[in-house]
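Visitor: Let me see the structure of the following:
(one chain, ligands or ions: 1)
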Amino acid sequence: MTILQNFHTNLKTKDPAIYDAIHREFNREEEGLELIASENYVSTAVLEAQGSILTNKYAEGYPSKRYYGGCEFIDQIENLAIDRACRLFGAETANVQPHSGSQANMATYLALLSPGDAFAGMSLNQGGHLTHGSPANFSGKLFKVISYGLNPKTHRLDYDQIRDLIRKEKPKVLVAGASAYPRIIDFEILGTLAQEASIDFVVDMAHIAGLVAAGLHPSPIPFATYTTSTTHKTLRGPRGGLILCRSDRIKAVNSQIFPGIQGGPLMHVIAAKAVAFSEALSPSFLEYQKATLSNAKKLAQELMEQGLPLITGGTDTHLMLADLSLWKDGSITGKEAEAWLDRAGITVNKNTVPHEKRSPFITSGIRIGVPAITTRGMGSEEMKKIATWIIQVLESKGDQSQLQKIRMDVKALCSEFPLYGSSKV
Ligand code: DSN
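Guide: Now for the predicted structure:
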């Protein structure tokens, strides 16, 4: 029996269309190389908790303060999730109810700012996130946004520039964190800048939360008013959000999550978060995060040795950003590279580069991350092969027969690292 058959015996007969789509997605995940930096594979224990009967329960409110009866076991689950999150990150307290990272960020902004107030955040096209002030997002619509970016020469965060911006523009909050930044973020310096200006400091550590939990990236917890995260990236839990803070700060953010922007918490997801936090507290999680970092370094080194320029010349984290505008004649776009790699069974996403000249729908870069392939157990040898395939795909310029051949090689490699111990559904 494979995991899908175990999980979906009823679904198969009751809703074959959905079963079939899940089955096909499982095969896609199993047979391809998942290099989207924000994705990962959860454990079967996380899957079981998230697929559990807890989805039946309404539990608006917080442990011991619910608006519905019958919450005694729900309270146990939420308290366990909070305790484990606090132990994992060394935080005083937590809100584990945000349905997503966006909602975690929204709750912290609303706890600290009124509509029209100003905050400073990293701009999306320099590696930030939509919720850090993009005009297309609630964060850019509700608040005045002061965007900071990277040093144009080094493509690294420029802390002097951020200090000057804070002094000049006087935002009420400094937001840090990134979706496509391959280097360590110095939360101590940023926290000091916020402190000097007597403003609050919010850190969205979604991408690096697993590395922070393992002690392999400096923690923002000692410096930030609120630290937000998703739970499904390097942290390898279910899709969802999380807020960590000091005990005297929790009330403001709790009331923004509920009743402010959410109703009933997703208790099946909170149970799955609790399971993932427990897994992240185990020694094997540290080994996993160490392997993630060494795979990222190896893949980056191989790509660069084979001629593909990376922004900042490498990585300190789980991801890297390839700059196609500097590769050969610069004519290949991120959009083309993403499509060709997809046809070869390698999933990445197109991404803007710091000096981007193309639109965000076309781009000149691709973002490449290793958390998912590291979860499968791949290591140094595999990174070498993957780098070579990426280069071959780019050199193929989309030639269908070459992409098909690489796809077969990718599939053969993936069959040596089966997901959930299953070789075929
Ligand atoms: N979509 C996520 C990412 O890929 O980085 C951010 O929310």
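Visitor: When you work out contacts or count neighbours from here on, use the C-alpha atoms and nothing else.
Guide: OK.
Visitor: List the buried residues for stretch 55-69?
Guide: Buried residues in stretch 55-69, counted by 16 or more other Cα atoms under 10 Å: Lys57, Tyr58, Ala59, Glu60, Gly61, Tyr62, Pro63, Arg66.
Visitor: whoops, stretch 45-53 was the one
Guide: Val46, Leu47, Ala49, Gln50.
Visitor: Correct me if wrong, but Leu403 is in a helix.
Guide: Yes. Counting by DSSP: H, G, I helix; E, B strand; the rest coil, Leu403 is located in a helix.
Visitor: check contacts around the nearest residue to it once chain neighbours are set aside.
Guide: Leaving aside its sequence neighbours, Leu403 sits nearest to Ala344 (Cα to Cα, 6 or more residues apart in numbering; 4.9 Å). Going by Cα atoms under 8 Å, 6 or more residues apart in numbering, Ala344 touches Val393, Leu403, Gln404, Lys405, Ile406, Arg407, Met408, Val410.
Visitor: So which of those is surrounded by the most neighbours?
Guide: Greatest neighbour count in these, by other Cα atoms under 10 Å, goes to Val393: 25 neighbours.
Visitor: what sits against it?
Guide: Applying Cα under 8 Å, 6+ apart to Val393 gives the contacts Ala337, Trp340, Leu341, Ala344, Gln402, Leu403, Ile406.
Visitor: distance of the fifth one from Leu413?
Guide: So the one you mean is Gln402. 17 Å (Cα to Cα, to the nearest Å).
Visitor: Comparing the two, which residue is more hemmed in?
Guide: Leu413 (18 against 15).
Visitor: host element of that one?
Guide: In this assignment (DSSP states H and E), Leu413 forms part of helix 400-415.
Visitor: Could you name the helices and strands sitting against that helix?
Guide: Judged by 3 or more Cα pairs under 8 Å, 6 or more residues apart in numbering; DSSP states H and E, the packing partners of helix 400-415 are helix 16-31, helix 334-343, helix 380-396.
Visitor: closest to Asp323 out of these?
Guide: If you check each of these against Asp323 by Cα to Cα, helix 334-343 wins as the nearest, at 8.7 Å.
Visitor: Heading C-terminal from that closest one, find the next helix or strand.
Guide: Downstream of helix 334-343, the next assigned helix or strand under DSSP H and E is strand 346-347.
Visitor: what about the helices in the stretch 51-200 of the chain?
Guide: Counting by DSSP state H, counting those that start in this stretch, the stretch 51-200 of the chain has helices at residues 72-89, 101-112, 138-142, 159-169, 187-196.
Visitor: how much does the very next helix or strand once past the last one deviate in direction from helix 101-112?
Guide: Read in the C-terminal direction, the helix or strand following helix 187-196 is strand 200-204, with elements assigned using DSSP H and E. Regarding strand 200-204 and helix 101-112, their directions subtend 170 degrees when assessed with axes from the mean of the first three to the mean of the last three Cα atoms, to 10 degrees.
Visitor: Can you spell out which helices and strands pack onto strand 200-204?
Guide: On a contact count with 3+ Cα pairs under 8 Å, 6+ apart, strand 200-204 meets helix 101-112, strand 173-176, helix 187-196, strand 226-230.
Visitor: show me where pLDDT drops low in the stretch 1-150 of the chain?
Guide: Residue ranges of the stretch 1-150 of the chain with pLDDT under 70: 1-7.
Visitor: if we go to 90?
Guide: Scanning the stretch 1-150 of the chain with the threshold set as pLDDT under 90 gives 1-9.
Visitor: Ok, the stretch 301-425 of the chain next?
Guide: 355, 420-425.
Visitor: you'd agree Thr363 is up against Pro354?
Guide: No. Contact between Thr363 and Pro354 fails when scored by Cα atoms under 8 Å: they sit 10.5 Å apart.
Visitor: Relative to Met122, how far out is the nearest residue to Ala206 once chain neighbours are set aside?
Guide: Spatial nearest neighbour of Ala206, excluding adjacent residues (Cα to Cα, 6+ apart): Ser229 at 4.1 Å. Per Cα to Cα, Ser229 is found 16 Å from Met122.
Visitor: tell me the contacts of Trp327?
Guide: Contacts for Trp327 were tallied using Cα under 8 Å, 6+ apart; they are Gly307, Leu308, Pro309.
Visitor: That should have said Lys57, apologies.
Guide: Met267.
Visitor: try it again with 10 Å
Guide: Lys57 makes contact with Tyr68, Gly69, Gly70, Cys71, Ile74, Gly264, Pro265, Leu266, Met267, His268 under the criterion Cα atoms under 10 Å, 6 or more residues apart in numbering.
Visitor: which of these count as buried?
Guide: Among these, the ones that count as buried by 16+ other Cα under 10 Å are Cys71, Ile74, Gly264, Pro265, Leu266, Met267, His268.
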